[in-house]
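> no sequence on hand, only this structure:
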DNA sequence: TAATACTGCGAACATCGATCGCAGTATTAG
DNA sequence: CTAATACTGCGATCGATGTTCGCAGTATTA
């Protein structure tokens, strides 16, 4: 009559191992690390249960003793990245500066793990322990700031989104011509060809005037990001 | 000796149909429309070649006469949404106002098609004809604005990213409690439980103080978005 | 009229996430 | 000490997915 275990919902609400049988030969951590390495090396699509299993020298079915599904593994990966952030610095009182520091760290994490946006786009994202630590830390930083709790939570959420956005744009700029394009040689050539047809005069002008290489160093990029945040955040917490 | 057709690269660089055989029974447009309807109704994951084919009353293999791969179909979908934007209004001279108008349209499109971010997160996104029209239009709007062509292209790109970001946040807020969570009941309960353990005092305080429902209407949301843009864009084109 | 280049599409393949069930092992109960 | 229990590892397998092959039929070209 017990209705079939409706759902423990998240990885973290289920115990890592039972208390009865033999000791597990692997751990969630080990599996998550393998998945992270795979994603960093070959992209998120390369993180298949089979590939992760092979990397650990076992069969795909074995992984399901540790994670309930691939989705759960992705949740673990996201939380592992959240755990990479350094929250050890105590709030300094300069909440804006502290928050900007968090944002820069977050942006750096996205640069380290370009597959993060793809991960976060899944609906119903789950907050793991590290993400919760981050949230609490950010709220601690914001304690001396004005604004309601709801405003602060929204500001923190927006902060993460902006870090993602800027990291993505910087990655694109680094990979060649910008303007929303992807592959520099092919895409730029295609754009130029289309523009040359005459129906897009402004595009043509912009492309021919593009002239000098990007030259914007990472420090400049961070500066733009920081300026935006310093302007935006106070206006959200009035 | 011809090296195996390296790659026509995009859907649009390949002719829609050959000149020899029987007339195709369907068209790229028809297929794209079916895919769009499916995505709107059941999400992007529901857009499988089989599902699209079934919706058109044919077999999966037939679709490959129109698109080279599922990826190309996704490109077509993205460009179809770009085609939903109304670019008929000529630049008014108030470039900031015109640009904000474009951004609001873009945000609305993301609200209409919640699967758009998932689409755009694929690397190497390809600009179709509608996207190119949009780009040229935005550049036309920016003609009287200060700044280099590169700055303008970057501003336009950032604009799109911000529209995506805000649309996502609004969708989350509409779907229940915010704070970066997904499923309101389960996730909020889980958060509260964790916070109650005592190690996250600021989170606990924020959650218990959350009090009144969101109440922010869509007009207010648009206003926040617009304020941000009006402040940010001029500083990017100095 | 013959050659050609296309169209529609059933059948099939590789790969994916996930489940089942069995053999083996550690814990617990009596 | 023994039996019952609840776990672990994992080969075999399932259903779904994107994609390809090859054939029968059709319109265009020579």
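Received, thanks. The model shown is predicted, which means the values in this text are computed figures rather than measured ones. Numbers count the residues shown, from 1 in each chain, chains lettered A, B, ... in the order given.
> briefly note if the lowest-mean-pLDDT helix or strand in chain A comes near chain B.
None of the helices or strands of chain A scores lower by mean pLDDT, DSSP states H and E than helix A:184-196, at a mean of 77. Yes: contact of helix A:184-196 with chain B (Cβ under 8 Å from any Cβ of the partner chain) involves A:186, A:187, A:190, A:191, A:194, A:195. Where you see a C-beta, it was placed from the backbone N, CA and C, and this is true even at glycine.
> please identify which pair of the residues you listed lies farthest apart.
A:186 and A:195 (15.0 Å; Cβ to Cβ).
> which one of the two has more residues nearby?
residue A:195 (21 against 16; other Cβ atoms under 10 Å in any protein chain shown).
> residues contacting the more buried one?
For residue A:195, the contact set (Cβ atoms under 8 Å, 6 or more residues apart in numbering or on different chains) comprises A:203, A:204, A:207, B:136.
> shaky segments in chain A?
A:1-8, A:176-186, A:210-216 (pLDDT under 70).
> could you give the number of residues near residue A:198?
Residues contacting residue A:198 under the criterion other Cβ under 10 Å number 8.
> distance of it from residue A:204?
Using Cβ to Cβ, to the nearest Å, we find residue A:198 at a distance of 8 Å from residue A:204.
> on that earlier part again, what's the farthest-apart pair in the contacts of residue A:195?
The span of the contacts of residue A:195, defined through Cβ to Cβ, is set by A:207 and B:136 at 10.6 Å.
> helix, strand or coil: sort out the closest residue to residue A:87 other than its chain neighbours for me.
In space, and not counting its chain neighbours, residue A:87 is closest to residue A:137: 4.4 Å by Cβ to Cβ, 6 or more residues apart in numbering or on different chains. Assigned with DSSP: H, G, I helix; E, B strand; the rest coil, residue A:137 falls in the helix class.
> what's the neighbour count on residue A:137?
Residues near residue A:137, counting by other Cβ under 10 Å: 23.
> ok, it - contacts?
A:87, A:102, B:202.
> mind giving me the domain ranges of chain A?
Domains of chain A are assigned by automatic domain parsing as A:24-82, A:95-203+A:222-236.
> most neighbours per residue, which of those?
Highest mean neighbour count of these: domain A:95-203+A:222-236, a mean of 19 (counted as mean count of other Cβ atoms under 10 Å in any protein chain shown).
> near DNA strand C at all, that domain?
No: using Cβ under 7 Å from any atom of the strand, domain A:95-203+A:222-236 stays clear of DNA strand C, with a minimum separation of 12.2 Å.
> then stretch A:62-72?
Yes: where contact is defined by Cβ under 7 Å from any atom of the strand, part of stretch A:62-72 touches DNA strand C, namely A:64, A:68, A:69, A:70, A:71.
> so which of the contacts of residue A:137 belong to helices?
The members of the contacts of residue A:137 that map onto helices under DSSP state H are A:102, B:202.
> could the contacts of residue A:137 go into a markdown table alongside distance to residue B:228?
Output for the contacts of residue A:137, formatted as a markdown table (distance: Cβ to Cβ, whole Å):
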| residue | distance to residue B:228 |
| --- | --- |
| A:87 | 27 |
| A:102 | 20 |
| B:202 | 26 |
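> redo the contacts of residue A:137 as a markdown table? Include distance to DNA strand D.
A markdown table is the format used below for the contacts of residue A:137 (distance: Cβ to the nearest atom of the strand, whole Å):
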| residue | distance to DNA strand D |
| --- | --- |
| A:87 | 31 |
| A:102 | 36 |
| B:202 | 35 |
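> what is the nearest of the contacts of residue A:137 to residue A:12?
residue A:87 (18.4 Å).
> tell me how far stretch A:135-148 lies from the chain's centre.
Put simply, stretch A:135-148 sits 22 Å off its chain's centre (Cα atoms, centre = their mean, to the nearest Å).
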